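**Q** turn this into a structure:
(one chain, ligands or ions: 1)
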Amino acid sequence: MKILIIDDEESIRYSLGLKLSKIEGVELLMAGTGEEGLEILKREAIKLAIIDIKLPGIDGIEVLKQINQIKIDTVVIMITYMSEVRLAVKAMKMGAYDYYTKPFSLSEIKKSVESVLAFIQKRSEIEVDQSGINGFIGSDESILQIKDTVKRIVNSGINTNILIQGESGSGKEVIAKYIYDSFGSNRPYVALNCAAVPKSLQESILFGYEKGAFTEAREQRIGLLEKANGGILFLDEIGDMDLDLQAKLLRVLENKQFKRVGGTDDIAFEAMVISATNKKIREEITYDHFRLDLYYRLNIIPINVIPLRQRRQDIPLLVSHFIDYYQQKMNTSIIGVTDEAMALLTSYEWLGNVRELKNTIERIMILSDRRYIDVDDLPKDVFFEVGSNTGMDGNLENAEREVIVQSLAKNQYNITKTANDLGISRTTLRNKMEKYRIDKP
Ligand SMILES: Nc1ncnc2c1ncn2[C@@H]1O[C@H](COP(=O)(O)OP(=O)(O)OP(=O)(O)O)[C@@H](O)[C@H]1O
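**A** Numbering: from 1, shown residues only. Okay, here's the model as predicted:
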């Protein structure tokens with residue numbers, strides 16, 4: 001399994017590398033900057049990335065953001081100083097698996113990495129077939145409206161263009177697939193994730209090329225526009241499309257034809273174009289990062305997916321959908337969620353939207369051997385973000401008290417260690433101990 005360490009401190013790369021290289025089957029890669037690390041992440045199948053938050057150039061949080069965008073399923077662990085634990089907690093909300101605080105014990109990190117690798121191994125065993133998980137689940141009014149819009153598009157039989165906007169992880173790709181499935185035919189479905197492909201390669205991938213068009217073009221290659229003919233072209237993260245290419249795409253959409261790179265023949269283009277973006281496209285237009293004319297062409301039918309926190313009634317539905325799915329795949333003991341845990345899951349902010357919820361359930365299903373997911377199975381950030389809301393009812397308060405008591409006991413009532421473990425500040429921990437009348441025994 002390939003592990004990538006991104007840290008600008010050579011001594012950390014060296015010592016961590018030396019320790020982790022003792023784990024059997026591990027291949028280590030190193031990067032001193034976020035940019036270098038991202039290059040490696042795009043090129044290699046990295047299973048685990050250990051990333052320092054503070055880096056020269058783009059920082060660890062930005063690297064994590066880009067990992068989310070290019071949709072690789074690398075598990076991420078952040079490294080941070082105690083004084084920056086808040087950033088690490090933010091990273092966990094963005095999908096990081098865990099964080100280590102400096103200075104750390106190398107032996108503890110080795111142990112922890114071994115258990116993460118066991119988790120990754122177990123997860124890879126169930127990743128054989130994810131098709132069953134692709135349903136478009138939701139009964140919120142906004143989701144029903146989207147389903148209705150899709151029905152109308154299908155009934156009209158017209159090849160229109162659709163722009164899906166929504167936060168990262170809210171289900172834009174799921175909707176694109178849902179549209180495709182709703183046609184119920186064997187049309188082609190071709191996708192390009194603009195964030196995952198370097199801008200310099202986007203054109204040749206989309207348009208294809210003729211033999212000899214440029215030095216590396218040793219033979220003719222058919223592009224995605226051609227492959228999508230008669231079907232659907234899904235342009236994911238359209239906000240990351242190169243500006244020159246935006247102009248060329250606009251011409252294709254207007255003229256309904258194009259030429260391969262280095263080619264002279266016009267090729268007809270007749271397909272539905274579905275684009276998606278989590279960027280605020282209006283702002284991108286203001287900053288001249290995105291062409292207004294292309295926006296109008298793509299946005300014939302707008303679909304806006306609202307964040308999960310604005311359609312909380314869908315959370316229990318999604319939770320049981322994911323539990324059922326993983327239950328069947330892994331045959332785990334978990335078959336449901338306690339009321340207290342569901343209350344927390346429903347109140348949490350889910351800044352990473354459905355993706356974060358799905359990852360949370362998957363992780364608990366792999367790690368827990370209970371029958372019902374309970375409060376202390378939940379990641380610490382889910383627990384404490386909700387726990388700090390004032391409108392918490394008695395049950396949740398009891399649950400929070402219990403987690404604090406357990407964590408204090410585990411850490412021999414060491415305030416710093418416990419606060420660190422729980423991902424909250426020492427002051428917050430002290431306040432909570434006072435509120436719940438928890439005294440040192
Ligand atoms: N309504 C839904 N029903 C079932 N699963 C969903 C739903 N919405 C999202 N998911 C799941 O959540 C994860 C993220 O969804 P998806 O990739 O569609 O998000 P996205 O909006 O395209 O994200 P990004 O902007 O980062 O590309 C996927 O694993 C998907 O299966």
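
**Q** against residue 329, how distant is the closest residue to the ligand within the stretch 51-200 of the chain?
**A** Using Cβ to the nearest ligand atom, the closest approach of the stretch 51-200 of the chain to the ligand is made by residue 171 at 2.6 Å. Placement of C-beta: from N, CA and C, glycine included. The gap separating residue 171 from residue 329 is 20 Å, by Cβ to Cβ, to the nearest Å.

**Q** those two: who's more crowded?
**A** residue 171 (25 against 18; other Cβ atoms under 10 Å).

**Q** which residues does that one contact?
**A** The contact partners of residue 171, by Cβ atoms under 8 Å, 6 or more residues apart in numbering, come to 136, 138, 305, 353-354.

**Q** which parts of stretch 426-441 are buried?
**A** 429, 432-433, 438 (16 or more other Cβ atoms under 10 Å).

**Q** any regions of the stretch 251-400 of the chain where pLDDT drops low?
**A** 380-381, 383-400 (pLDDT under 70).

**Q** quick one: the helices in it?
**A** 281-286, 292-298, 314-330, 339-347, 353-367, 380-387, 394-410 (DSSP state H, counting those that start in this stretch).

**Q** export those to a markdown table and tack on distance to residue 117?
**A** As requested, these are exported to a markdown table (distance: least, Cβ to Cβ, whole Å):
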| stretch | distance to residue 117 |
| --- | --- |
| helix 281-286 | 39 |
| helix 292-298 | 42 |
| helix 314-330 | 18 |
| helix 339-347 | 27 |
| helix 353-367 | 13 |
| helix 380-387 | 21 |
| helix 394-410 | 23 |
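
**Q** nearest to residue 269, of those helices?
**A** Across these, residue 269 has its closest neighbour in helix 292-298 (12.8 Å, Cβ to Cβ).

**Q** pull the residues that contact that closest one.
**A** Residues outside helix 292-298 that contact it (Cβ under 8 Å, 6+ apart) are 161-163, 238, 246-247, 249-250, 253-254, 273, 275, 281, 285.

**Q** quick check: buried residues in it?
**A** 294-295, 297-298.

**Q** and those, which two are furthest apart?
**A** 295 and 297 (7.3 Å).

**Q** got the residues of the stretch 251-400 of the chain near the ligand?
**A** 276, 278, 354-355, 358 (Cβ under 6 Å from any ligand atom).

**Q** again, only this time at 8 Å
**A** 276-278, 305, 314, 318, 321-322, 353-355, 357-358 (Cβ under 8 Å from any ligand atom).

**Q** could I get those as CSV with neighbour count and distance to residue 338?
**A** Listed next are these as CSV, based on neighbours: other Cβ atoms under 10 Å; distance: Cβ to Cβ, whole Å:
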residue, neighbour count, distance to residue 338
276, 27, 36
277, 25, 38
278, 21, 33
305, 24, 29
314, 21, 20
318, 21, 17
321, 19, 18
322, 21, 16
353, 22, 23
354, 23, 22
355, 19, 24
357, 21, 17
358, 19, 19
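
**Q** can you spell out the domain ranges of this protein, please?
**A** What automatic domain parsing lists as the domains of the chain is 2-126, 141-308, 310-435.

**Q** how many neighbours does residue 200 have?
**A** 8.

**Q** beta partners for residue 373?
**A** Taking DSSP bridges, one obtains residue 337 as the residues bridged to residue 373.

**Q** pick out the most distant pair among the buried residues of stretch 426-441.
**A** 429 and 438 (9.6 Å).

**Q** what do the two both touch?
**A** Here residue 429 and residue 438 share the contacting residues residue 404, scored by Cβ under 8 Å, 6+ apart.

**Q** host element of the residue nearest to the spatial centre of the chain?
**A** For the chain, the residue nearest the mean C-alpha position is residue 68 (4.1 Å; Cα atoms, centre = their mean). Take DSSP states H and E as the rule and residue 68 turns out to sit in helix 60-70.

**Q** helices or strands up against the very next helix or strand once past that helix?
**A** Using DSSP H and E, the helix or strand that follows helix 60-70 in sequence is strand 75-81. With contacts taken as 3 or more Cβ pairs under 8 Å, 6 or more residues apart in numbering; DSSP states H and E, strand 75-81 sits against strand 46-52, helix 60-70, helix 85-93, strand 98-102, helix 106-126.
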